[in-house]
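Undergrad: sequence and predicted structure are below.
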Amino acid sequence: MIVIYYYLLPILSCIILLYCLYRKYKIKAYVPKGRNFESLLVGHRGSRGFPDIPENSLISFKYSIERGAQAIELDCRLTKDGHVVVIHDDNVKRLTTSETGSISEMTLDDVKKLSYRDCTDTCVRIPTLHEVMSLVKSYNVKLFIEIKCIDIGSAASIAKKVCDLVAEYDAYSWACIIAFNPLV
């Protein structure tokens, strides 16, 4: 009998606590009155997590769009020679066959020589934002461009270059710029 209480009491306590919290706070999504909440299927880094499809690559974005994504989210960084490339991490070790290297210390030519890790197609390369916008423009999808930067000097530079690309593609109605870094 003691064994039953030993296991049952903590379980019942958790259930009662969760019930009380639910009743008190009634957690709900907030939607302003008079507004319709519409969902949006977003391909995070394209098709992140699928085997043989590297995140933030052109094939990843195309794969996601062809399977119904209404928007694409990507991350971009600035190379040493001032090109905006689409990659989440500054260090290339996690995604490429290179053991070391920082995007901010590489030229575009250096970046284009890198091969993705765990990708059967060796021709797949880290794209520029220009290449991605060219692809996305041909589809009727939204684009969420997250700016990543490591210092105040690169923050202003990458922000200007991304804004220039949005203007070049007249993407004001389908592109949204995001930055979690307050320097941007």
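TA: Received, thanks. Bear in mind that the values here come from a model prediction, so they are computed numbers and not experimental data.
Undergrad: now do the contacts for the closest residue to residue 58 other than its chain neighbours.
TA: The spatial neighbour of residue 58 that comes closest, neighbours along the chain excluded (CB to CB, 6 or more residues apart in numbering), is residue 127 at 5.1 Å. No exception for glycine: its C-beta is placed from N, CA and C like everyone else's. Taking CB atoms under 8 Å, 6 or more residues apart in numbering as the definition of contact, the neighbours of residue 127 are 56, 57, 58, 85, 86.
Undergrad: before we move on, what about residue 176?
TA: Going by CB under 8 Å, 6+ apart, residue 176 touches 142, 143, 144, 145.
Undergrad: okay, and which of those map to strands?
TA: Residues of the contacts of residue 176 located in strands (DSSP state E): 142, 143, 144, 145.
Undergrad: most neighbours out of those, which is it?
TA: Taking other CB atoms under 10 Å to define a neighbour, the member of those with the most is residue 145, carrying 25 neighbours.
Undergrad: pretty sure that one sits against residue 159.
TA: No - the pair residue 145 and residue 159 fails to qualify as a contact (CB atoms under 8 Å) at a distance of 10.5 Å.
Undergrad: overlap of the contact sets of the two?
TA: Contacts common to residue 145 and residue 159, judged by CB under 8 Å, 6+ apart, are residue 177.
Undergrad: partners of the longest strand that the chain contains in the sheet?
TA: The strand spanning the most residues in the chain, taking DSSP E as the definition, is strand 71-78. Based on DSSP bridges, the pairing partners of strand 71-78 within the sheet are strand 42-44 (parallel), strand 84-86 (antiparallel), strand 142-147 (parallel).
Undergrad: now the ones you listed as a markdown table including distance to residue 155 and mean pLDDT?
TA: Conversion of these to a markdown table gives the following (distance: least, CB to CB, whole Å; pLDDT from 0 to 100):
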| stretch | distance to residue 155 | mean pLDDT |
| --- | --- | --- |
| strand 42-44 | 23 | 84 |
| strand 84-86 | 13 | 94 |
| strand 142-147 | 8 | 93 |
